[in-house]
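Asker: Need a 3D model of the following:
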Amino acid sequence: MVQEHRSEYPSLWAAIESIAPKIGCVPQTLHDWVRKHEINTGLRDGVTGEERDRLKALEREVKEHRRANEILKLASAFFAQAELDRRLKS
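Answerer: Residues are numbered from 1 along each chain as shown. This next block holds a predicted model:
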């Protein structure tokens with residue numbers, strides 16, 4: 001809606017300030033939505049919502065892998081020590 005009526009106003013912010021009360025939100029919220037839309041459609045540089053979701057998923061996956069690696073390191077050290085103890089007793 002903002003993009004459609006943008007040409008009727010002297011600036012983007014003027015359009016946002018006029019349209020926001022009509023749709024029941026504050027101008028800053030509408031501005032955030034417009035900015036996100038511009039990023040998602042390639043009109044503005046930035047990380048799209050899809051890319052942000054992918055990054056979050058990858059960060060979770062990295063965290064899980066790090067936790068698994070830590071568990072494997074501890075298990076390896078435990079079994080190595082158990083093997084040394086077994087050899088010393090023999």
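
Asker: For stretch 18-29, which outside residues touch it?
Answerer: 1, 2, 5, 9, 13, 16, 17, 30 (CB atoms under 8 Å, 6 or more residues apart in numbering). No exception for glycine: its C-beta is placed from N, CA and C like everyone else's.

Asker: residues in contact with residue 17?
Answerer: residue 27.

Asker: Can you give the contact residues for the helix or strand bottoming out on mean pLDDT in the chain?
Answerer: Across the helices and strands of the chain, mean confidence by mean pLDDT, DSSP states H and E is lowest for helix 2-5: a mean of 90. Defining contact as CB under 8 Å, 6+ apart, one finds that helix 2-5 is touched by 12, 15, 16, 18, 19, 30, 34, 37.

Asker: Using neighbour counts, pick out the buried residues of the strand or helix carrying the last one.
Answerer: By that I understand residue 37. Using DSSP states H and E, residue 37 maps to helix 27-40. Neighbour-count burial for helix 27-40 flags 27, 30, 31, 34, 38, 39 (criterion: 16 or more other CB atoms under 10 Å).

Asker: gap between the first one and residue 54?
Answerer: Spelled out, it's residue 27. Separation of residue 27 from residue 54 (CB to CB, to the nearest Å) stands at 31 Å.
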